[in-house]
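Visitor: sequence-free structure coming up:
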């Protein structure tokens with residue numbers, strides 16, 4: 001009797017294992033549609049577009065057919081804008097009553113699609129969906145997102161695992177000088193003092209035009225409600241290159257004359273840009289840009305009745321690691 005009971009258990013276990021195994025096969029071979037748009041810590045898939053004076057740009061979003069077998073049929077994937085998902089992200093990510101910090105949906109006038117369908121032909125598991133941008137006139141002080149989704153359709157199945165059928169594309173224009181600078185060497189003093197300077201570890205410099213960036217003055221918080229008044233514009237004038245390939249030149253520093261924050265340089269400001277080989281990863285180049293800055297600004301919002309003038313002095317450094325073997329510039333940069 002005991003042997004019979006054990007035999008029944010073994011047969012039952014085999015049957016269950018076979019059923020589980022078949023289920024695993026079904027999941028493995030099932031074709032599902034998703035975007036290749038990995039999400040960062042900020043909830044977005046950051047994309048990078050080189051600034052052009054005419055505002056033009058293009059990004060090719062990968063659309064994927066998952067599964068362990070080759071795609072054996074033509075698939076017409078429907079793609080549409082999905083602002084509802086972005087709204088949910090904003091509400092979950094930012095404090096109550098701080099809608100000024102929300103990611104802004106990119107308005108339709110700034111982008112276009114060749115089609116609302118992405119055709120994935122038989123024999124291919126990935127296809128690039130082109131998105132054209134015309135960013136002329138875009139207010140670059142905000143953080144813009146183009147939210148997309150794979151639309152539901154009976155001819156295919158969405159890959160809903162971790163929301164892979166959605167793409168929240170964070171729009172980042174770049175030029176030769178934009179990016180995140182190390183600013184620990186920048187000292188912020190109340191004018192007329194030299195003790196106890198304030199410091200900010202990092203400053204994000206965003207694009208204004210081909211040769212100009214902007215960031216926020218002194219120790220102004222990047223999430224300050226009045227941050228737009230404190231934009232410091234830095235224009236890179238034409239430089240000279242020495243025998244070692246190091247480029248040096250002058251910087252033009254200024255603020256918005258209508259903001260009332262009276263941003264202006266103290267003496268000469270300059271930059272240096274050099275390229276060195278990566279010490280361990282020989283296929284990478286380190287592009288290092290150093291800004292030597294000194295400027296003043298007036299804090300008119302902390303206590304409007306008693307504005308305080310600050311002096312900012314020191315250096316900021318940006319490093320980009322670039323793979324020169326990759327022809328597409330946005331892909332060559334190790335963002």
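Guide: That came in fine, so what should we check first? These numbers were taken from a predicted model, which means no experiment stands behind them.
Visitor: how close does the most centrally placed residue in the chain sit to residue 141?
Guide: The centroid of the chain falls nearest to residue 46 when counting by Cα atoms, centre = their mean (3.3 Å). Separation of residue 46 from residue 141 (Cβ to Cβ, to the nearest Å): 17 Å. Any C-beta I mention is one placed from the backbone N, CA and C, and that applies to glycine too.
Visitor: one step back: secondary structure element holding the residue nearest to the centre of the chain?
Guide: strand 45-50 (DSSP states H and E).
Visitor: Need the three-state assignment for residue 282.
Guide: Judged by DSSP: H, G, I helix; E, B strand; the rest coil, the three-state class of residue 282 is coil.
Visitor: dump the residue contacts of residue 220.
Guide: Counting by Cβ atoms under 8 Å, 6 or more residues apart in numbering, residue 220 makes contact with 227, 230.
Visitor: And the pLDDT for it?
Guide: Note on residue 220: pLDDT of 95.
Visitor: so residue 198 sits right up against residue 217, yeah?
Guide: No. Between residue 198 and residue 217 there is no contact under Cβ atoms under 8 Å: 11.6 Å.
Visitor: of the two, who's got more company?
Guide: More neighbours surround residue 217 than the other of residue 198 and residue 217, with 23 against 13 (other Cβ atoms under 10 Å).
Visitor: Quick one: residues contacting that one.
Guide: 230-232, 255, 261, 263, 295, 297, 310, 312.
Visitor: Turn those residues into CSV, including neighbour count, secondary structure and distance to residue 117.
Guide: Converted to CSV, the contacts of residue 217 look like this (neighbours: other Cβ atoms under 10 Å; DSSP: H, G, I helix; E, B strand; the rest coil; distance: Cβ to Cβ, whole Å):
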residue, neighbour count, secondary structure, distance to residue 117
230, 25, helix, 45
231, 21, strand, 41
232, 25, strand, 45
255, 22, coil, 47
261, 25, coil, 49
263, 22, coil, 49
295, 22, strand, 51
297, 25, strand, 51
310, 20, strand, 55
312, 24, strand, 52
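Visitor: So which of these is the closest to residue 136?
Guide: residue 231 (19.5 Å; Cβ to Cβ).
Visitor: wait, doesn't that closest one sit right on residue 214?
Guide: Yes. Shown here, residue 231 and residue 214 form a contact pair, counting by Cβ under 8 Å, at 4.6 Å.
Visitor: still on that earlier bit, direction included, what does the strand holding residue 46 pair against?
Guide: Sheet pairing of strand 45-50 (DSSP bridges) gives strand 166-174 (parallel).
Visitor: Show the contacting residues for the closest residue to residue 60 other than its chain neighbours.
Guide: Spatial nearest neighbour of residue 60, chain neighbours left out: residue 128 (3.8 Å); criterion: Cβ to Cβ, 6 or more residues apart in numbering. Contacts for residue 128 were tallied using Cβ under 8 Å, 6+ apart; they are 60-63.
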